[in-house]
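Chemist: fold the following.
(chains A, B, C and D)
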Number of protein chains: 2
Amino acid sequence: MTDKLELNMNAFLPLRDVVFHTLREAILKGELKPGERLMELQLASKLGVSRTPIREAIRMLELEGLAVTFPRKGAEVAKMTEKDMEDVLQIRRALDELAVGLACDNMTEEKLEQLYKAMIRFEESTRSGDVKQTAQTDMEFHEVIYQAADNPKLVNMLNNLREQMYRYRVEYLKNDDVYPRLIEEHQKIYEGLKQKDKETVVEIVGYHVVNQEIMVKNIIHKQE
Amino acid sequence: MTDKLELNMNAFLPLRDVVFHTLREAILKGELKPGERLMELQLASKLGVSRTPIREAIRMLELEGLAVTFPRKGAEVAKMTEKDMEDVLQIRRALDELAVGLACDNMTEEKLEQLYKAMIRFEESTRSGDVKQTAQTDMEFHEVIYQAADNPKLVNMLNNLREQMYRYRVEYLKNDDVYPRLIEEHQKIYEGLKQKDKETVVEIVGYHVVNQEIMVKNIIHKQE
DNA sequence: CTCCTGTATTTTGTATACATTCTATGATAT
DNA sequence: ATATCATAGAATGTATACAAAATACAGGAG
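Modeler: Residues are numbered from 1 along each chain as shown, chains lettered A, B, ... in the order given. Here you go, the predicted structure:
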C-alpha cells in the first residue's frame, strides 16, 4: 500500500467526501492497486480520521465500481480483467452512440462553436506532448457532446464508465502515433454534427470506441 | 411516513443489507413516497437498530438511484419527473437493444428452451389476472435474455434501470388490454432469437421499450 | 404586522467502544 | 508429514456518545 495518502482538507465538505476523493484519486493514479485490500483501521490512521468516514467513503467507491466489498471480509480495489474491459466498452459504445445521436438532434450554433473550440484545443494538446493535458482536452471534447445530449443520467453513466478505464486511457495516449487518427475522428464527428448527419456521426463514434478497445487490449497484452 | 416498516431478520446478512432491502421494498411499493425525508433516528428507532446501519443502507440506496442525500441536510427518497423517466427509458432502450443483440449472438438451444418456458409462464400469468405475478414472469423472460448477453455489468445496469420504474410498471400492468401486445412482442422476440435474426430482434425490443414509455406517460398524465 | 435575531431543538457528522466474525498460527493426533 | 482443531490476533459490524450544523420557533424591534 502506498504511503502517499494525505487529505486535502478543503474543510467545507463532509469528511466522507474528502476521504472519497482522496481514495478515488489514489485508485485512478494506480497508487492503490487492483485487488489491494482497503482496511478501515489502516486507512483511518493514515488519513487521520476515524473509521466512520472511511466506511462511508468505501460505500461511495463501490457506487463508482472502483471498490468491491465482501461482507465481513472487507473491501478491496476493484480488479479489471480483459473481459471486464470488453464488457465496459460494449456498454460505452452503445451509450456513446446514443449520446451523440441525441446531441445531433439538439445541436445548436452555439454548442457547435463550443465543440469546435474544444476540438482545436485537443489538437493543440497533442502537439504539446503533454499526455495529461491531452487526456483532459479529449475528455472536454466529449463532454460538450454529452452535455448537448441533454440527459443527465446518461452523462453520469458515461463519466462513470470512462473513469473505470482511466488508467489504461492515459497509458494509451502515450503512443503519439494514435493522435492523427483521434484528430481525424474528432473532425469527422464535428463535421457530422454540423451537417446533422445522425447516421454517420453514430457510426464514427462507434468506430471511435472500438478503436479505443483495440488499443487498450494491446496495452494489456504488452503489460503481460 | 409509513409505520409498516419492519425488519425481516434473516439473520445472516449484515444489518446494513437487511435495512437496505427493507427500505428498498418500502420505496418501490410506494410506502415511502418520493421526496419524503429519510431521517436516521426515526428509521433507526422504527427498525430497532442503531443509526450506523441506517446510514450505510442510505448510501446503498443512493447507489441505486432510489435516494438522494444533501450534505448536512440528510437524505430523501428520489423524486422522478416525467423528464427523468424519459431519460431513463432512452438509456434502457439503448441497453436493451444491446443486450438482445448480444443474446442473439450467444443463443444456444438450451437458452432458447429456457426462454420459451419463460414466455409460456408469462402468458399463463396474464390469464391468471395476478398483476404481481405477471410483473414477475415478465421480468423473468427478460432476465433470460439478459443472462444470455453474458455481460454482468450490463445486466446490473439494466436491472437498476428497471427498478427505478417499478412503481409505474406495476401500475401499467393493471390495464389488461396491454397483455395481447406484450405477448405478441415476446413471441416475436423469441422467434427472432430462434432465427438468429439480430436486426429484427433489436428493432422489436426497441418498440417494446418505446411502448412502455408511452404507457407509463399515460399513467403519469392520468394521475395528475 | 413583518422582519430580524437569538436560542432551543432536531438532525447529521464523527469518534470511539464493544461485539462478532474471520484468519492465521501452531499444537496435537493420526 | 498431513490434517484437524483450538486459540489468539486482527478486521469488520454495530451501538453509542459527543460535536457541529441546520432548523424551528419565539420574542423583540422597527
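
Chemist: right, and residue A:185 touches residue A:201 too?
Modeler: No: in this structure, residue A:185 sits apart from residue A:201 without contact. The criterion is CB atoms under 8 Å, and the distance is 10.8 Å. Just so you know, the C-beta spots here come from the backbone N, C-alpha and C atoms, and that holds for glycine as well.

Chemist: more neighbours: these two, which one.
Modeler: Under the neighbour definition other CB atoms under 10 Å in any protein chain shown, residue A:185 and residue A:201 were set side by side, and residue A:201 has more, 25 against 15.

Chemist: for chain A, which residues are neighbours of chain B?
Modeler: For chain A, the residues in contact with chain B (CB under 8 Å from any CB of the partner chain) are A:13-14, A:17, A:55-56, A:59-60, A:62-63, A:65, A:71-72, A:84, A:87-88, A:90-91, A:94-95, A:97-98, A:102, A:151-154, A:157.

Chemist: SS state for the nearest residue to residue A:194 once chain neighbours are set aside?
Modeler: Distance criterion CB to CB, 6 or more residues apart in numbering or on different chains; nearest residue to residue A:194, sequence neighbours excluded, is residue A:112 at 5.9 Å. The three-state label for residue A:112, taken from DSSP: H, G, I helix; E, B strand; the rest coil, comes out as helix.

Chemist: and residue A:18, how many neighbours does it have?
Modeler: Around residue A:18 sit 20 other residues, with neighbours defined as other CB under 10 Å.

Chemist: if we can go back for a sec, restricted to helices, list the residues of chain A next to chain B.
Modeler: Judged by DSSP state H, the residues of chain A next to chain B include A:17, A:55-56, A:59-60, A:62-63, A:84, A:87-88, A:90-91, A:94-95, A:97-98, A:102, A:152-154, A:157 as members of helices.

Chemist: these also near DNA strand D: which ones?
Modeler: residue A:55 (CB under 7 Å from any atom of the strand).

Chemist: need the buried ones from the ones in helices among the residues of chain A next to chain B selected in ChimeraX.
Modeler: For selection in ChimeraX, the members of those meeting the burial criterion (16 or more other CB atoms under 10 Å in any protein chain shown) are listed in this command:
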select /A:17,55,56,59,60,62,63,84,87,88,90,91,94,95,97,98,102,154,157
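
Chemist: wait, doesn't residue A:188 sit right on residue A:205?
Modeler: No: with the criterion set as CB under 8 Å, residue A:188 and residue A:205 do not qualify as a contacting pair; they are 9.5 Å apart.

Chemist: those two - which one has more neighbours?
Modeler: Using other CB under 10 Å, the more surrounded residue of residue A:188 and residue A:205 is residue A:205, with 24 against 17.

Chemist: who does the lowest-mean-pLDDT helix or strand in chain A touch, helix- and strand-wise?
Modeler: For chain A, the helix or strand with the lowest mean confidence is helix A:166-173, at a mean of 78 (criterion: mean pLDDT, DSSP states H and E). Helix A:166-173 is packed against helix A:15-29, helix A:131-149, helix A:198-223, with contacts defined by 3 or more CB pairs under 8 Å, 6 or more residues apart in numbering or on different chains; DSSP states H and E.

Chemist: so which of these gets nearest residue B:31?
Modeler: Of all the helices and strands packed on helix A:166-173, helix A:15-29 sits nearest to residue B:31, with 28.0 Å by CB to CB.

Chemist: ok, now which ones touch residue A:138?
Modeler: Residues counted as contacts of residue A:138 (CB atoms under 8 Å, 6 or more residues apart in numbering or on different chains) are A:122, A:125, A:173, A:182.

Chemist: now swap in residue A:169 and tell me
Modeler: When the contact criterion is CB under 8 Å, 6+ apart, the partners of residue A:169 are A:135, A:162, A:212, A:216.

Chemist: one more time with 10 Å, if that's ok
Modeler: Listed by CB atoms under 10 Å, 6 or more residues apart in numbering or on different chains, the contact set of residue A:169 reads A:131, A:135, A:138-139, A:162-163, A:212, A:215-216, A:219.

Chemist: related to what we said a few turns ago, who wins on neighbours among the contacts of residue A:138?
Modeler: Neighbour counts for the contacts of residue A:138 peak at residue A:122, which has 23 neighbours (criterion: other CB under 10 Å).

Chemist: quick one: that one and residue A:134 touch, right?
Modeler: Yes: under the criterion of CB atoms under 10 Å, residue A:122 makes contact with residue A:134 at 7.2 Å.

Chemist: which non-adjacent residue is nearest the residue of chain A positioned farthest from its centre?
Modeler: In chain A, the greatest distance from the average C-alpha position (CA atoms, centre = their mean) is reached by residue A:72, at 30.3 Å. Beyond its immediate neighbours in the sequence, the residue positioned closest to residue A:72 (CB to CB, 6+ apart) is residue B:14, lying 7.0 Å away.

Chemist: show me the contacts for the one you found.
Modeler: With contacts taken as CB under 10 Å, 6+ apart, residue B:14 has the following neighbours: A:69, A:71-72, B:20, B:53, B:56-57.

Chemist: quick one: pLDDT of the closest residue to DNA strand D within chain A?
Modeler: Closest contact between chain A and DNA strand D, by CB to the nearest atom of the strand, is at residue A:74 (2.9 Å). We have a pLDDT of 94 for residue A:74.

Chemist: from memory it sits against residue A:39, does it?
Modeler: Yes: using CB under 10 Å, residue A:74 is in contact with residue A:39, at 6.4 Å.

Chemist: so for those two, which sits in the more crowded spot?
Modeler: Residue environment comparison for residue A:74 versus residue A:39 gives the larger neighbour count to residue A:39, 16 against 12, counting by other CB under 10 Å.

Chemist: correct me, but the more buried one touches residue A:69?
Modeler: No: at 11.8 Å, residue A:39 and residue A:69 do not qualify as touching, with contact defined as CB under 10 Å.

Chemist: between those two, which contacts overlap?
Modeler: Taking CB under 10 Å, 6+ apart as the contact criterion, the common neighbours of residue A:39 and residue A:69 are A:75-76.

Chemist: quick check: phi and psi on residue A:115?
Modeler: Geometry field for residue A:115 lists phi and psi as phi -60, psi -40, criterion degrees, to the nearest 10.

Chemist: quick check, pLDDT for the spatially closest residue to it that is not a sequence neighbour.
Modeler: Counting by CB to CB, 6+ apart, the nearest residue to residue A:115 once its immediate chain neighbours are dropped is residue A:144, at 4.8 Å. Reported pLDDT at residue A:144 in the predicted model: 97.

Chemist: OK, contacts around residue A:144?
Modeler: Contacts here follow CB under 10 Å, 6+ apart; on that basis residue A:144 touches A:103, A:111-119, A:190, A:193.
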